[in-house]
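Student: A structural model of the following input is requested.
(chains A and B)
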Amino acid sequence: MDTLNSLFSGFSTALQPDNLLFCFLGTLLGTLVGVLPGIGPVGAMSILLPMTFKMSSAGAVIMLAGIYYGVAYGGSTTSILVSVPGEVSSVVTCMDGYQMALKGRAGPALGIAAFGSFIAGTIGIIGLMIFAAPLSRLALAFGPHEYFSLIVLGLAFVASLSHGSVFRAVMMCFFGLMLGNVGLDIQTTTPRFTFGSLRLFNGIGIAPLSMGLFGIAEVLVNLESTATTSLVKSKIKNLLPSKSDWMKAKWAILRGTLIGFFLGILPGGGPVLSSFIAYAIEKRISKEPGQFGKGAIEGVASPESANNSASSSAFIPLLTLGIPPTAGMAVLFGAFLIHGVTPGPLLLQKHPALFWGLISSMYIGNVMLLILNLPLIPMWVQVLKVPEKVLYPLVLLFCLIGAYSLNNDVFDVAVMLVFGVVGYLFRKFEYEGAPLILAFVLGTMFDTNLRQALLISDGSFIPFLTRPISGVTLGIAVIVLIISMSSLSSRRKKLETP
Amino acid sequence: MDRKHLVSGLFWLAISIFVGVTAIDLGPGTFSKPGSGFVFFWSSIGLGLLSVILIAKSIFRAEGTTPLAELWKGLRWWNAVLAIVILFLYALVLPKAGFILATFVLMIVLFGIGKSRAWVVIVSALITTILSFTIFRYFLEVRLPRGIIGW
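Tutor: Here you go, the predicted model:
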């Protein structure tokens, strides 16, 4: 009952005209980002982060969250129509969605993707609502040992679930921890790696770093690419799936929702992993697995439901524990901090209006997304025709102005450009930005909690293992890393064996 | 030999040495009284160890040697280089030249990468500059540098 009352009071925040507008803007931009290949949600959220400074904290968070979960809707459009995923979490949708489009069934594919996303997103938000409060109460019992272990677990998951080498992902975690601690030491006020620059006393900003690493780098990679895309030319009709489509897809939607919800909570899991695993499971249990890859509607329904459900559940560790599970959530974490709000177990107590306003706005946002993604499909198809030679210069300009507007200082622009080059080189040398940015945002917490814990235990590491939550968490982190490194090495041996 | 990862391994080893030495100056402290350089010091140890392993793996890898140039083969890498150079120059001249002038020149170069006709590039750059100035200056109230034009 308390939860329902809180939800209704949240609606009073979310339904304020300016917050409604920000929710609409966020979902619209999220869909646009999802539709357009090249810029992902992290890049878009990073680019728009400086624009939220003049907004209220609720408005800023509502808009950025709208971008994050809106992307999962928009990505399916390009996957189905062009066989180019607008977003990484929609890669799997290409396999069957595009085949359906080639058979003249683009409409039902787009329709089931949108409806499945809506159902999954709504169920995901209900789950968020149910689990958030109890998890916040549990987290209040956490001390520095528990927080440190949770951060280690989060980084271990992100590293182990990275697309490339786990080894290099762990290296990125170390580098991210270093970058995250640049600036004045909170405990001793000693300048650390500021090189005498007053501008670095507050550390490296999350906005220029993430804009560079994800926004600028993405554009640079696309500028040098010679790939072209071709749009499905057949007319899109019958957006409403038929009764037989629903009969085939209903269990796929439910399974995808559940898989996405639980995987989305895990750091590093998120929409991408959820969509792949949901598709793999759906194919494994299907009575007609041979149809997958040839236009099976379940092959669209399941991953699209999974990635939307995961987008909702990813908010759980961020809001209740203060641990962002994905790079996008890390940018949202930065937005909270910039607006003077610390996500974590005290968020619900200190800022209930913001917490419940955000959750309520997600319900509203899901309805907006359904409307944006079905009747407005023809509009999104036109957007796909915007030439890249027009789009990318505009994105770069937006990044430049965004970085400059942080402090009216070209220093932030320079930082962004440096990390843009770093991000570009990361793509070339196969390093991932997600572990780095997660470690970056958690860097100060990692340092503070580790040092406090060691002070309390007089330098002993035994309490990290003997305190139940901390011990179990660290144990899981070690197991996760060992399993991922050993499974990678056995896969490599198989590939190398003639 | 895996040249790509050898180069990156050496880079990260250099970073870890630099950070480790600076962390010692900061004072890593002890386990019972960790200092300001504690996390930096131990992170540099971790990064350094992993870098050494990466270097060793890349030297002893069974695959044939691939030149680094392969990473840019078949790509229009000069577009990326031109873009980043012009972006850095933009940051350099922005405070003195002002937003309008610097942005107009920037957009001419960036639209020019797409190899459109000259008049299309100039008109597009002009429209973009005016629109962006209007939106950011008057609607979003971002304080943009006035520079030599004074707007």
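Student: below-threshold pLDDT in the stretch 201-350 of chain A: ranges please.
Tutor: A:226-239, A:268-269 (pLDDT under 70).
Student: can you name the residue of chain B nearest chain A?
Tutor: B:Gly114 (2.5 Å; C-beta to the nearest C-beta). Backbone N, C-alpha and C define where each C-beta goes, glycine included.
Student: skipping adjacent residues, who's closest to that residue in space?
Tutor: Leaving aside its sequence neighbours, B:Gly114 sits nearest to A:Lys389 (C-beta to C-beta, 6 or more residues apart in numbering or on different chains; 2.5 Å).
Student: one more: A:Phe429?
Tutor: B:Ser8 (4.6 Å).
Student: what does the host helix or strand of that neighbour contact?
Tutor: Element membership for B:Ser8, per DSSP states H and E: helix B:3-26. For helix B:3-26, the surrounding residues in contact (C-beta atoms under 8 Å, 6 or more residues apart in numbering or on different chains) are A:171, A:175, A:178, A:190, A:192-193, A:428-431, B:35-38, B:40-41, B:43-45, B:47-48, B:50-52, B:54-55, B:57-59, B:65-68, B:71.
Student: tell me which helix or strand comes right after it.
Tutor: helix B:38-60.
Student: if you count neighbours, what's buried in that next one?
Tutor: B:38-48, B:50-51, B:54-55, B:58 (16 or more other C-beta atoms under 10 Å in any protein chain shown).
Student: that one to helix B:3-26, inter-axis angle?
Tutor: Helix B:38-60 and helix B:3-26 are oriented at 160 degrees to each other (axes from the mean of the first three to the mean of the last three C-alpha atoms, to 10 degrees).
Student: I'd like the average pLDDT over helix B:38-60.
Tutor: Helix B:38-60 carries an average pLDDT of 94.
Student: is chain A within reach of that helix?
Tutor: Yes. On the criterion C-beta under 8 Å from any C-beta of the partner chain, helix B:38-60 is in touch with chain A at B:38-40, B:43-44, B:46-47, B:50-51, B:53-54.
Student: what's the burial count for the residue nearest to B:Gly114?
Tutor: Residues lying near A:Lys389 (other C-beta atoms under 10 Å in any protein chain shown) number 18.
Student: can you pull up the most central residue in chain A?
Tutor: A:Gly328 (3.7 Å; C-alpha atoms, centre = their mean).
Student: host element of it?
Tutor: Take DSSP H and E as the rule and A:Gly328 turns out to sit in helix A:327-338.
Student: any regions of chain B where pLDDT drops low?
Tutor: Short version for chain B, where the test is pLDDT under 70: B:62-66, B:140, B:151.
Student: got the domain ranges for it?
Tutor: As assigned by automatic domain parsing, chain B contains the domains B:3-72, B:77-139.
Student: in terms of secondary structure, what does the helix or strand where B:Leu101 lies contact?
Tutor: Here B:Leu101 is covered by helix B:99-113, with elements defined by DSSP H and E. Judged by 3 or more C-beta pairs under 8 Å, 6 or more residues apart in numbering or on different chains; DSSP states H and E, helix B:99-113 is in contact with helix A:388-407, helix B:77-97, helix B:118-134.
Student: not counting the longest one itself, show me its contacts.
Tutor: Spelled out, it's helix B:77-97. For helix B:77-97, contacts defined as C-beta under 8 Å, 6+ apart pick out A:216, A:219-221, A:223-224, A:396, A:400, A:404, A:410, A:413-414, A:417, A:420-421, A:424, B:102-103, B:105-106, B:109-110, B:113, B:145, B:147-148.
Student: so of the helices and strands packed on helix B:99-113, which one's packed in deepest?
Tutor: Most buried of the helices and strands packed on helix B:99-113, by mean neighbour count (mean count of other C-beta atoms under 10 Å in any protein chain shown): helix A:388-407, with a mean of 22.
Student: ok, now how distant is the nearest residue to A:Ser56 once chain neighbours are set aside from chain B?
Tutor: Distances taken as C-beta to C-beta, 6+ apart put A:Asp18 closest to A:Ser56, at 7.5 Å, once the chain neighbours are dropped. Here A:Asp18 is placed at a distance of 15 Å from chain B (C-beta to the nearest C-beta, to the nearest Å).
Student: over to A:Ala252?
Tutor: Distance of A:Ala252 to chain B, given as C-beta to the nearest C-beta: 39 Å.
Student: what is the neighbour count of that residue?
Tutor: Look at A:Ala252: counted by other C-beta under 10 Å, it has 28 neighbours.
Student: where does it sit, in terms of helix or strand?
Tutor: helix A:243-265.
Student: who are the packing partners of that helix?
Tutor: By 3+ C-beta pairs under 8 Å, 6+ apart, helix A:243-265 packs against helix A:106-139, helix A:270-285, helix A:298-313.
Student: follow-up on the earlier one: with distance to A:Val182 as extra columns, can I get the helices and strands packed on helix B:99-113 in TSV?
Tutor: Below are the helices and strands packed on helix B:99-113 laid out as TSV (distance: least, C-beta to C-beta, whole Å):
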stretch	distance to A:Val182
helix A:388-407	16
helix B:77-97	20
helix B:118-134	31
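Student: between the ones you listed, which one is nearest to B:Gly27?
Tutor: helix A:388-407 (30.1 Å; C-beta to C-beta).
Student: quick check: what element follows that closest one along the chain?
Tutor: Per DSSP H and E, the helix or strand that comes after helix A:388-407 is helix A:410-429.
Student: and the angle from that following helix to helix B:77-97?
Tutor: Using the same axes, to 10 degrees, helix A:410-429 lies at 170 degrees relative to helix B:77-97.
Student: helix A:410-429 relative to helix A:388-407, how many degrees between them?
Tutor: 130 degrees.
Student: hmm, whichever helix or strand comes after helix A:410-429 touching chain B?
Tutor: Later in the chain than helix A:410-429, the nearest helix or strand by DSSP H and E is helix A:433-456. Yes. Residues of helix A:433-456 contacting chain B under C-beta under 8 Å from any C-beta: A:443, A:446-447, A:450-451, A:454-455.
Student: in CSV: these, plus pLDDT, distance to A:Trp356 and neighbour count.
Tutor: As requested, the residues of helix A:433-456 next to chain B are exported to CSV (pLDDT from 0 to 100; distance: C-beta to C-beta, whole Å; neighbours: other C-beta atoms under 10 Å in any protein chain shown):
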residue, pLDDT, distance to A:Trp356, neighbour count
A:Gly443, 90, 30, 24
A:Phe446, 93, 30, 24
A:Asp447, 94, 32, 24
A:Leu450, 95, 33, 21
A:Arg451, 95, 35, 23
A:Leu454, 95, 37, 24
A:Leu455, 93, 37, 15
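Student: which among the residues you listed gets closest to A:Thr257?
Tutor: For the residues of helix A:433-456 next to chain B, the nearest to A:Thr257 is A:Phe446 (33.2 Å; C-beta to C-beta).
Student: pretty sure that closest one contacts A:Gly180?
Tutor: Yes. A:Phe446 is within contact range of A:Gly180, at 7.5 Å (criterion: C-beta atoms under 8 Å).
Student: common neighbours of those two, please.
Tutor: In contact with both A:Phe446 and A:Gly180: A:Ala439, using C-beta under 8 Å, 6+ apart.
Student: got phi/psi on A:Gly322?
Tutor: The phi/psi pair for A:Gly322 (degrees, to the nearest 10) reads phi 80, psi 20.
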